[in-house]
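Novice: need the 3D shape of this:
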Amino acid sequence: MAVRPRFYLDHAATSWPKPPGSLEACISYQTSNGAAAGRGVYQSAEAASELVRTTRQAIAKLIGAPNANDVALCCNGTQALNAAILGLLQSRSMRDCHVVTTATEHNSVLRPLQLATHSSGITWTAVPCDATGWVDPNQLRGAMTANTRLVVVNHVSNVTGTVQDIEAIAAIAKERQALFLVDAAQSLGYLPIDVVKNGIDMLAAPGHKGAGGMLGTGILYVRSDLQKQMETIWIGGTGTQSDSIDGPFDWLAAIESGNSNLPAIASLKAGLEWLRDHKPTDSVRIWSERILKAIQQSPNLKLVGLGFDHPTRSRLPVFSLICQTLSCHEAAMLLDSACGVETRSGFHCAGLVHSYLGTKDSGGTLRLSLGHTSTLADVEAAIAGIQLLRSM
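Specialist: Residues are numbered from 1 along each chain as shown. A predicted model of the protein is given here:
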């Protein structure tokens with residue numbers, strides 16, 4: 001029986017296939033070790049702890065963190081963002097404060113903020129974006145009040161691929177003595193990030209997208225002098241202080257309490273090593289321009305977002321479009337069934353941005369996204385699919 005062709009264009013959700021070595025590292029851990037980290041002094045347990053330590057070091061190097069112990073390994077990006085937002089806002093010094101965020105945020109930011117209005121008494125403002133998903137830093141400054149203590153920004157929109165000016169936003173946050181949290185879900189592994197140079201106090205991201213790991217890991221950086229301010233919002237087995245149930249508990253130990261997903265962490269480490277040794281090429285940009293051109297040549301398709309020719313703004317290869325003759329779900333099913341092209345349709349877990357993109361009434365967008373392991377065959381299949389949509 002012939003294998004059905006499969007062309008994966010949903011890297012904004014998770015990368016696939018994983019970089020060489022990522023899957024092998026997971027299998028190797030399972031077959032040759034299998035022990036839990038921080039739960040014993042026998043050799044396999046010590047080796048598992050060393051895996052966690054060296055993975056933490058690799059992440060710290062990637063984001064410019066001054067100390068590897070400023071990085072916590074979480075289960076996913078959502079857990080990392082919840083740990084950052086709720087852990088900070090439930091602290092006594094932050095209760096009843098004001099938070100500024102943007103309309104481009106993922107629900108992993110918006111929903112914890114809304115939850116914090118009930119649990120911590122905070123208020124928050126979402127700064128509008130333009131029709132391309134870009135947020136003007138000056139509008140963000142204008143939304144801040146004397147009580148604004150936290151700014152949360154999505155580095156790259158998961159709907160349009162638009163890159164925000166995080167350096168300008170960081171400068172505004174510092175000027176107003178507010179903390180700055182960056183959601184790097186779409187940018188980690190694709191754009192250079194230096195938490196010190198970029199003025200980032202906290203950074204959260206999944207490990208399974210641009211970092212090249214399997215599903216099941218997340219990353220949270222918290223500036224070292226801020227960690228004591230973070231409230232413990234969950235706690236369990238830490239492998240240390242096991243005779244105490246009352247604490248106090250170290251921030252890192254609390255965030256990582258319970259057994260870590262060591263197979264996925266092994267995969268993440270391998271993905272980071274691959275990323276370190278493979279520099280970006282012009283291929284993805286060239287392929288992206290071909291996809292954009294195909295969309296723009298289709299009268300019944302509308303691109304939602306920037307091209308690559310904007311003089312001051314930039315984007316990553318995440319493309320959203322609207323088909324005038326089909327719903328986004330119908331378009332996605334057609335691409336899959338007729339061309340083997342796998343895309344995502346809908347609102348993409350971004351609860352506010354579609355009101356500003358003009359895509360709310362259409363049920364969201366059809367999204368195509370490239371990644372490190374995309375191929376020319378993926379691109380050509382996507383273009384064939386776009387041409388099919390043009391004929392509908």
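Novice: CA atoms for contacts and neighbours, from now on please.
Specialist: Fine.
Novice: residues in contact with stretch 371-381: which ones?
Specialist: Stretch 371-381 is contacted by residues 7-9, 11-12, 15-19, 210, 287, 291, 317, 339-341 when judged by C-alpha atoms under 8 Å, 6 or more residues apart in numbering.
Novice: my bad, should have said stretch 55-72
Specialist: With contact meaning C-alpha under 8 Å, 6+ apart, stretch 55-72 is reached by 53, 73, 192-196, 219-224, 252, 255-256, 265-266, 268-269, 272-273.
Novice: same thing but 7 Å
Specialist: If you take C-alpha atoms under 7 Å, 6 or more residues apart in numbering as the criterion, stretch 55-72 is touched by 193-196, 219-224, 252, 255-256, 269, 272.
Novice: out of the contacts of stretch 371-381, list just those in strands.
Specialist: Applying DSSP state E to the contacts of stretch 371-381, the entries found in strands are F7, Y8, V341.
Novice: so which bits of the longest helix anywhere in the chain are buried?
Specialist: Ranked by number of residues, the top helix in the chain under DSSP state H is helix 43-63. Neighbour-count burial for helix 43-63, counted by 16 or more other C-alpha atoms under 10 Å, picks out 44-49, 51-52, 55-60, 62-63.
Novice: quick one: that helix to chain centroid distance?
Specialist: Here the centre of helix 43-63 is set off from its chain's centre by 21 Å, with C-alpha atoms, centre = their mean, to the nearest Å.
Novice: would F180 count as being in a strand?
Specialist: Yes - assigned with DSSP: H, G, I helix; E, B strand; the rest coil, F180 falls within a strand.
Novice: next, the contact list for it, please.
Specialist: By C-alpha under 7 Å, 6+ apart, the contact list for F180 reads L150, V151, V152, A170, A173, I200, D201, M202.
Novice: before we move on, what about T101?
Specialist: T125, A126, V127, V151, V152, V153.
Novice: ok, now with 10 Å
Specialist: 109-110, 113, 124-128, 140, 143-144, 150-154, 180-181 (C-alpha atoms under 10 Å, 6 or more residues apart in numbering).
Novice: for Q241, same thing?
Specialist: G247, P248, F249.
Novice: which of those residues has the most neighbours?
Specialist: The member of the contacts of Q241 that has the most neighbours, counting by other C-alpha atoms under 10 Å, is F249 with 17 neighbours.
Novice: now that residue. Nearest residue, chain neighbours left out?
Specialist: Spatially, and ignoring its direct neighbours in sequence, F249 is nearest to T232 (7.8 Å; C-alpha to C-alpha, 6 or more residues apart in numbering).
Novice: what about that neighbour, how many residues close to it?
Specialist: T232 has 21 neighbouring residues, counting by other C-alpha under 10 Å.
Novice: in what helix or strand does it lie?
Specialist: Element membership for T232, per DSSP states H and E: none, as it lies in no helix or strand.
Novice: what's the answer for E24, then?
Specialist: Using DSSP H and E, E24 maps to helix 22-32.
Novice: got a list of contacts for that helix?
Specialist: 17, 21, 33-35, 44, 48, 51, 212-214, 262-274.
Novice: what's the lowest-mean-pLDDT helix or strand in the chain packed up against?
Specialist: The least trusted helix or strand in the chain, going by mean pLDDT, DSSP states H and E, turns out to be helix 251-255, with a mean of 90. Judged by 3 or more C-alpha pairs under 10 Å, 6 or more residues apart in numbering; DSSP states H and E, helix 251-255 is in contact with strand 71-74, helix 77-89, strand 218-222.
Novice: these: which one's closest to T160?
Specialist: Counting by C-alpha to C-alpha, T160 lies closest to helix 77-89 out of the helices and strands packed on helix 251-255; the figure is 19.2 Å.
Novice: pull the CA atoms of that closest one into CSV?
Specialist: Output of helix 77-89 as CSV, limited to C-alpha atoms (Å, rounded to 0.1, in the frame of the first residue of the first chain):
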residue,chain,number,x,y,z
GLY,A,77,5.1,27.0,27.3
THR,A,78,1.7,27.4,28.9
GLN,A,79,3.0,26.1,32.3
ALA,A,80,6.0,28.4,32.0
LEU,A,81,3.8,31.5,31.3
ASN,A,82,1.4,30.6,34.2
ALA,A,83,4.3,30.1,36.5
ALA,A,84,5.7,33.5,35.5
ILE,A,85,2.4,35.5,35.5
LEU,A,86,0.6,33.9,38.5
GLY,A,87,3.8,33.4,40.5
LEU,A,88,4.6,37.0,40.2
LEU,A,89,1.1,38.6,40.5
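Novice: great, nothing more from me.
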